[in-house]
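J.: Sequence first, then the predicted structure:
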Amino acid sequence: QIGDIDVEIYGPSAREDVLSSVIDEFPDVIVVDYTAPNSVNSNAELYCKLGVPFVMGTTGGDQQLLYKSVQDSNNYALISPQMGKQVVAFLAAMETIAEQFPGAFSGYRLEVLESHQAGKLDTSGTAKAVIACFEKLGAVFDMDRMVKIRDPEQQLYMVGVPEEHIEGHAFHLYHLTSPDDSVSFEFQHNVCGRSIYAEGSVDAAVFLYKKVYNQWILREFTT
Ligand SMILES: NC(=O)C1=CN([C@@H]2O[C@H](COP(=O)(O)OP(=O)(O)OC[C@H]3O[C@@H](n4cnc5c(N)ncnc54)[C@H](O)[C@@H]3O)[C@@H](O)[C@H]2O)C=CC1
Ligand SMILES: O=C(O)C1=N[C@H](C(=O)O)C[C@H](O)C1
């Protein structure tokens, strides 16, 4: 029970039947998926098969295949490795800069550190997206050199994560150095807790709902 809502949990073998019955009862439902990297593609395929629009917050999996599943099925989805709107704005700014000033950081060395709760299975999807922008700007980065911190001791004493957020945080640090070491830049986005994603996910679901159902209404009137 969450608040006054009863929550039931079913195993994987029941997922298609359960989701179908939810769709029957609530035909305009939007699914929000925060599961595990190895579930991304099979879950997305199920949502596409049943034609239920979804917000995919889960990172990892085969992202190309994920986009293809949505396109091939004509389903609707909002997919992002980052649902915190302020971090999304930073990422969007990075994409704009990369587009407008390609090569501006040619030859700069990039170092990246990301720290997340010990249970996080994959490398930060947000860091990967930000790194892609720095690469367009000309910075040099070797993915194997990404510093991934999952050890709570290091998070406390080296990264500076507050103790109460060791089990739920996302700290990111990007450091750029010019080829002759005379110039450096540093960017950080440090999130404690989960509320930024919850807020962003609700907004994402509402945004998707409006897009999808306006589209459906349009189709009803034009066909
Ligand atoms: N886009 C964003 O802003 C954010 C993305 N994430 C991503 O969301 C994913 C989940 O992260 P957390 O919530 O921290 O993990 P978590 O491990 O705390 O929770 C995931 C839950 O999903 C369940 N689960 C796993 N596979 C499932 C499946 N196939 N069907 C239904 N339930 C399943 C697990 O039993 C677990 O209870 C990760 O990929 C993480 O990177 C997390 C936070 C923000
Ligand atoms: O697993 C998490 O916690 C987070 N995952 C996302 C990612 O991999 O980028 C977003 C944020 O870093 C929190």
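T.: That came in fine, so what should we check first? Here the structure is a predicted model, which is why all the values come from computation and not from measurement. Numbers count the residues shown, from 1 in each chain. Ligands and ions are numbered 1, 2, ... in the order given.
J.: Spell out which parts of this structure neighbour ligand 1.
T.: 34-37, 39, 43, 57-60, 80-84, 119, 197 (Cβ under 6 Å from any ligand atom). Quick note: C-beta positions are derived from backbone N, CA and C, even for glycine.
J.: Sort out for me which of those are in helices.
T.: When those are checked against helices (DSSP state H), the matches are 43, 197.
J.: are any of the residues of the chain next to ligand 1 buried, and which?
T.: 37, 39, 43, 57-60, 80-84, 197 (16 or more other Cβ atoms under 10 Å).
J.: can you put those in JSON lines and add pLDDT?
T.: Listed next are those as JSON lines, based on pLDDT from 0 to 100:
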{"residue": "37", "pLDDT": "95"}
{"residue": "39", "pLDDT": "95"}
{"residue": "43", "pLDDT": "97"}
{"residue": "57", "pLDDT": "97"}
{"residue": "58", "pLDDT": "97"}
{"residue": "59", "pLDDT": "96"}
{"residue": "60", "pLDDT": "93"}
{"residue": "80", "pLDDT": "95"}
{"residue": "81", "pLDDT": "94"}
{"residue": "82", "pLDDT": "97"}
{"residue": "83", "pLDDT": "97"}
{"residue": "84", "pLDDT": "98"}
{"residue": "197", "pLDDT": "98"}
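J.: how about the helices in this structure?
T.: Under the criterion DSSP H, the chain contains helices at 15-25, 40-50, 63-73, 85-100, 125-136, 152-154, 195-222.
J.: interface residues of the chain facing ligand 2?
T.: Those residues of the chain that sit near ligand 2, judged by Cβ under 6 Å from any ligand atom, are 59, 81-82, 116, 120, 124-126, 170.
J.: contacting residues around the residue nearest to the spatial centre of the chain?
T.: Nearest to the mean C-alpha position of the chain, by Cα atoms, centre = their mean, lies residue 81 at 1.3 Å. When contacts are counted by Cβ atoms under 8 Å, 6 or more residues apart in numbering, residue 81 is found next to 57, 59, 124-126, 128-129.
J.: Might you report the residue contacts of the closest residue to it other than its chain neighbours?
T.: In space, and not counting its chain neighbours, residue 81 is closest to residue 125: 2.8 Å by Cβ to Cβ, 6 or more residues apart in numbering. Shown in contact with residue 125 (Cβ under 8 Å, 6+ apart): 59-60, 81-82.
J.: With residue 23 instead?
T.: Under the criterion of Cβ under 8 Å, 6+ apart, the contact list for residue 23 reads 29, 50, 52.
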